[in-house]
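> sequence and computational prediction follow.
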Amino acid sequence: MEIYLANPTGLCFGVKRAINTLEEALLLNENVYSLGSPIHNSQEVERLKKLGLIVVKSVDDIPDNEVSFVRAHGVTAQIYSQLKAKSKKMVDGTCPFVKTAQERASALSKDGYIVVILGDVEHPEVKGIMGYASGEVYVLSEKDKIPGYLKGKKIGILSQTTQKVASFTKLVEVIRSIAKEVKVYNTICKATLARQEAVSKLALFVDKMIIIGGKDSANTQKLVEISLSESIDTQWIEHPDELNRRWLKETEKIGIAAGGSTPDWLIKKLTQKLKEM
C-alpha cells in the first residue's frame, strides 16, 4: 500500500499561532483559563491541559486576577472586554483571519449594510463575528434559502473563515441578483483554501482517503465533504486507533489529509500505523 499525504495539511497558521501563544503563557503561569476549547482538537487540548490549561464554559467560571486566553475562534467584543477587565492578563489567541472577519462585520454595520455571513450559526467563530456587527446580521449555511426580506436591501457579505469557496461564490451571485447594493469581503483564509485544493488534487489518484481531525472542527468537515464530492471512499477519524483495518483491505493507494487544528504528532502517528499494517 502506497501512502500519500496532502500538501499542505495539518495545523494552519492561526491554530499554530494560538497553540504557541498558549504554550508560552503556560510556561510563565501555573494555570491559564480558556473560555471554551482553545482549538477544535480534543487530543491536543488534553495535552495542553496537562501543562496547566483549564477550559471553562463562562466568564464567571474564571477566578479574578487570573490569566485568561481568547481561543483561536475568537469571542464577541462584549466578552473580549469582560475578559480583559476580569483578568490580571488576557492572552489573545484569536486567528488573524478571524480578527479580519470581525473587523469587516463591524465596518459593514457602521456603513449601514445588513451583514450576511456564510457559515454555521452555532460555531463559536461565527458567534464571535456576529458580536461585532452593531446592526442587522444574518447567518446562512450553504443549504439555506435567501430570506425574501433581503430583496432590495443594502447588503454586506462575508464568510466564516473555513467555508468552501464554491459555496461563498454561489451565495454572492444569488444575493447580487436581489440586492440593491452589495459589498463583498471574501474572508475565507488562504490556509483553508490551500488545504481544500490539496484534497481535491489528492483525490485524483488515490483509491481511498483518510481525513484526521476533530469531529467538532468545521474545516475538517469541509475536507471530508470535498473528498466525498470527488467520489472517493473516505473515512473521518479523530485518532489513529479508530482506523478500520477491514476498510483498508485491498487498498493500493491511500491518501491522508488533516484539518487545520490537527497537530503534526497525530498525523505522524497515523502514518506510522499505516506503515506497520
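Done, it's in. Residues are numbered from 1 along each chain as shown.
> show the contacting residues for residue 119.
Counting by C-beta atoms under 8 Å, 6 or more residues apart in numbering, residue 119 touches 125-126, 129, 139-141, 159-160, 163, 218. Any C-beta I mention is one placed from the backbone N, CA and C, and that applies to glycine too.
> a strand runs through residue 251, doesn't it?
No - the assignment for residue 251, made by DSSP: H, G, I helix; E, B strand; the rest coil, is coil rather than a strand.
> that one against residue 207, yeah?
Yes - assessed by C-beta atoms under 8 Å, residue 251 is found in contact with residue 207 at 5.1 Å.
> in the host helix or strand of residue 166, what's buried?
Per DSSP states H and E: residue 166 is located in helix 165-176. Residues 167-168, 171-172, 175 are the ones in helix 165-176 that count as buried (16 or more other C-beta atoms under 10 Å).
> check whether residue 263 really touches residue 10, as I assumed.
Yes - shown here, residue 263 and residue 10 form a contact pair, counting by C-beta under 8 Å, at 7.2 Å.
> now the strands for the stretch 1-150 of the chain?
Here the stretch 1-150 of the chain has its strands, by DSSP state E, counting those that start in this stretch, at 2-5, 32-35, 53-56, 67-70, 89-92, 114-118, 137-140.
> closest to residue 237 out of the ones you listed?
Nearest of the strands of the stretch 1-150 of the chain to residue 237, taken as C-beta to C-beta: strand 2-5 at 14.9 Å.
> now do the phi/psi pair for residue 219.
phi -70, psi -30 (degrees, to the nearest 10).
> ranges for the helices of the stretch 151-277 of the chain?
165-176, 190-202, 218-229, 245-248, 264-276 (DSSP state H, counting those that start in this stretch).
> which one of these is the most hemmed in?
helix 218-229 (a mean of 22; mean count of other C-beta atoms under 10 Å).
> how far away is residue 176 from residue 157?
9 Å (C-beta to C-beta, to the nearest Å).
> I meant residue 24, not that one.
Residue 24 is 36 Å from residue 157, by C-beta to C-beta.
> so between the two, which is more surrounded?
residue 157 (26 against 12; other C-beta atoms under 10 Å).
> now do the contacts for that one.
116-118, 171-172, 175, 182-185 are the contacts of residue 157 under C-beta under 8 Å, 6+ apart.
> please apply the same query to residue 238.
41-43, 212-215.
> which among these gets closest to residue 267?
residue 212 (6.5 Å).
> quick one: the closest one from residue 158, how far?
29 Å.
> how about residue 249?
45 Å.
> neighbour-wise, which of those two wins?
Set residue 249 next to residue 158 and count neighbours by other C-beta under 10 Å: residue 158 wins out with 26 against 7.
> residue 213 reaches residue 259, doesn't it?
Yes - look at residue 213 against residue 259 with C-beta under 8 Å: they come within range, at 2.9 Å.
> of these two, who's got more company?
Using other C-beta under 10 Å, the more surrounded residue of residue 213 and residue 259 is residue 259, with 31 against 27.
> my guess is the more buried one contacts residue 211. True?
Yes - using C-beta under 8 Å, residue 259 is in contact with residue 211, at 7.2 Å.
> quick revisit: for the buried residues of helix 165-176, which one is nearest residue 276?
When the buried residues of helix 165-176 are compared against residue 276 (criterion: C-beta to C-beta), the nearest one is residue 167, at 38.3 Å.
> list the contacts of that closest one.
Per C-beta under 8 Å, 6+ apart, neighbours of residue 167: 118, 142.
> measure it to residue 140 for me?
Where residue 140 is concerned, residue 167 sits at a distance of 10 Å (C-beta to C-beta).
> intersection of neighbour lists for those two?
residue 118.
> which residues are in contact with residue 272?
Contacts of residue 272 by C-beta under 8 Å, 6+ apart: none found.
> if we use 10 Å, what do you get?
Neighbouring residues of residue 272 by C-beta atoms under 10 Å, 6 or more residues apart in numbering: residue 240.
> residue 77 now?
With C-beta under 10 Å, 6+ apart, residue 77 has these contacts: 102, 105-106, 128, 131-134.
> ditto for residue 75
35-36, 59, 81-83, 92, 94, 98, 102, 124-125, 127-128, 131.
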